[in-house]
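In: fold the following, please.
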Amino acid sequence: DQVSKTVGKSRPAIANALRLLNLPDEILNLVNTAKISAGHGRTLLSFKNPDDMLVWAKKCVTDDISVRELERIAYVDAVTGGNNYESFKKKLRDRNVSGYLISMDIHSFKIVNSICGVAKGDEALRWISENIRGVVGYNDISGHINADRFVIFFADDKINKVIRKIETINLQLIKVSESLKIPKIQPYFGVTKWEPGKKVEEAYGEANFAKNRIKERKDVLYQIYSQADTERIVEEKQMEDNFYRDLNDNHFEIWYQPKYAPKTNKLVGAEGLVRWRRENNEIIPPSKFIPLFERNGMIKALDEYVFREVCTHQRRWLDEGKKIVPISINLSRASLYFESVVKRYHDIARRIGIYTHLVPIEITESAAVDNDEIKSIADKFHGNGFPLLVDDFGSGYSSLVTLNMKCFDTLKIDKSLIDYIGDSNGERLLVHTIALAKELGICVTAEGVESQEQVEFLKNIDCDSIQGFYYSKPLPLTEYEMLLD
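Out: Below is the predicted model of the structure:
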């Protein structure tokens, strides 16, 4: 009762308070399984059996827990010493003022933990929290959510004042990096309007939505939530609701973008790409639904669907006597984290009756760098006969690190590097990148090639294959089939 009177009657709040009191796991497990309800002015925990109740009673009835200690545990963040999210929400609800709610995150903060250690990372979080608190005014509030996520409320009526405070925080955090001698701390923010009576979770969700729109944009500091975002949320909800039905009804189509050898102009491969055709015949571009499905986990089902369809098409073409080429399939970073992914894909190919070397797997460079188990995953794919391609090479990550992983058979050079052709420094970069890949026994495919000048340059430096609009845009199934005749 003392716990619930202080922190409220929600299961997460009670469980969190008890966890921070260093109670044994057996007690915490009981809270997670007990039914929590209110009755006769006190909180009731209904246990599944008498033994559970006795374990709870023996430990907790005799413990003297002060209200002050419970309040500290319930509302003070264990890492930063400032407000936790529960405290932030309570204080914001108690205030009857308008303003702006801000969600803040740090770009690639895991690098700090990886390079400098978790202790240094926690120290950095404390410094970040202190610097934020140094910017917030008397009526403002800040709190630490978890990991590298923070939440802020500015009681300002003008957005330009809020932006100036955000810019100040950004400048302060640069100094934190310098003081602690750690990799650059680069925050990004989502901003939404707050009015009294609005649900905190709703406002935080809006700020998060805005923030996630610039997650991959290190050149943008903040994003303000707008009516267009509301429309986007509705649209995304509709896509989520229709996903499994449309997947079962085969409304997701596989299109194929050919790959050609520049020295012979012969078809040497293709990439399987997905398009979503709605009942009204409208085609939803992948840029709209892929990021959504990556966030909500639906991408795993879509990845498998695309792989299964490509295997089925390859098998049919073989049966028809067509001369087929390897068709690569993209595997999302979310799918990589499923332990059985390699076995799952191998079993699909085996059941359909297609050799795995005919369905190579593409993994983006960013996903490879972010996954600590990539070497083990790559070995399993190779052990089952799958060639591996690293996609979007050179689009912003540690490319030399990727080459040194020795996990990939083919390097797909991103269009951002191909567009350097015509610039002497950019051309030298491409020459040395392809030469290094060849020295390591890695084949090279150039993506996004659009001009004769680019084709000639790549041909002269021994690029193995080219994928881009110069040769062909992505083709629907029937048009691609004509290339195989």
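
In: list the contacts of residue 76.
Out: The contact partners of residue 76, taken as Cβ atoms under 8 Å, 6 or more residues apart in numbering, are 82-84, 87. Just so you know, the C-beta spots here come from the backbone N, C-alpha and C atoms, and that holds for glycine as well.

In: is it possible to export the residues you listed to JSON lines including neighbour count?
Out: Formatted as JSON lines, the contacts of residue 76 follow (neighbours: other Cβ atoms under 10 Å):
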{"residue": "82", "neighbour count": "20"}
{"residue": "83", "neighbour count": "23"}
{"residue": "84", "neighbour count": "21"}
{"residue": "87", "neighbour count": "18"}
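
In: just the closest of the residues you listed to residue 478, please.
Out: residue 84 (57.3 Å; Cβ to Cβ).

In: the closest one contacts residue 141, doesn't it?
Out: No. Residue 84 lies out of contact with residue 141 (Cβ atoms under 8 Å); the separation is 11.8 Å.

In: any residues in contact with both of the two?
Out: Common contacts of residue 84 and residue 141 (Cβ under 8 Å, 6+ apart): none found.

In: tell me the SS of the residue lying closest to residue 151 once chain neighbours are set aside?
Out: Leaving out its chain neighbours, the residue that sits closest to residue 151 by Cβ to Cβ, 6 or more residues apart in numbering is residue 143, at 5.1 Å. Of the three states, residue 143 takes strand according to DSSP: H, G, I helix; E, B strand; the rest coil.

In: give me the number of residues near residue 143?
Out: Using other Cβ atoms under 10 Å, residue 143 has 25 other residues around it.

In: ok, now residue 443?
Out: Neighbours of residue 443 using other Cβ under 10 Å come to 16.

In: list the contacts of it.
Out: Residue 443 neighbours (Cβ under 8 Å, 6+ apart): 409-411, 437, 464-465.

In: also residue 187?
Out: 104-107, 169-170, 173, 221.

In: show me what the helix or strand hosting residue 309 is packed up against.
Out: In this assignment (DSSP states H and E), residue 309 forms part of helix 299-319. Here helix 299-319 touches helix 227-248, strand 252-261, strand 266-277, helix 286-296, strand 327-330, helix 333-336, helix 341-352, going by 3 or more Cβ pairs under 8 Å, 6 or more residues apart in numbering; DSSP states H and E.

In: okay, the ones you listed, which one's buried deepest?
Out: Counting by mean count of other Cβ atoms under 10 Å, strand 327-330 has the highest mean neighbour count of these, with a mean of 24.

In: and that strand, what does it pack against?
Out: For strand 327-330, the packing partners by 3+ Cβ pairs under 8 Å, 6+ apart come out as strand 266-277, helix 299-319, strand 361-364.

In: and the following helix or strand past the first one, how far out from the chain's middle?
Out: Past strand 266-277, further along toward the C-terminus, the next helix or strand under DSSP H and E is strand 283-284. Chain-centre distance of strand 283-284: 23 Å, with Cα atoms, centre = their mean, to the nearest Å.

In: what is the mean pLDDT for strand 283-284?
Out: Strand 283-284 shows a mean pLDDT of 92.

In: next one: stretch 84-96
Out: Within the predicted structure, the mean pLDDT of stretch 84-96 is 90.

In: go through it and flag the buried ones.
Out: By 16 or more other Cβ atoms under 10 Å, the buried positions in stretch 84-96 come out as 84-90, 92.

In: need the contact list for the residue nearest to residue 151.
Out: With Cβ under 8 Å, 6+ apart, residue 143 has these contacts: 77, 82-85, 87-88, 150-152.

In: which of those sits closest to residue 431?
Out: Using Cβ to Cβ, residue 150 is the member of the contacts of residue 143 that lies nearest residue 431, at 44.3 Å.

In: list the contacts of stretch 376-394.
Out: 326, 328, 330, 336, 341-343, 345-346, 355-357, 359-366, 368, 371, 399, 402, 405, 407-414, 416-417, 433, 445, 447.

In: what of stretch 426-434?
Out: 394, 399, 411, 413, 417-421, 444, 457-458, 461-463.
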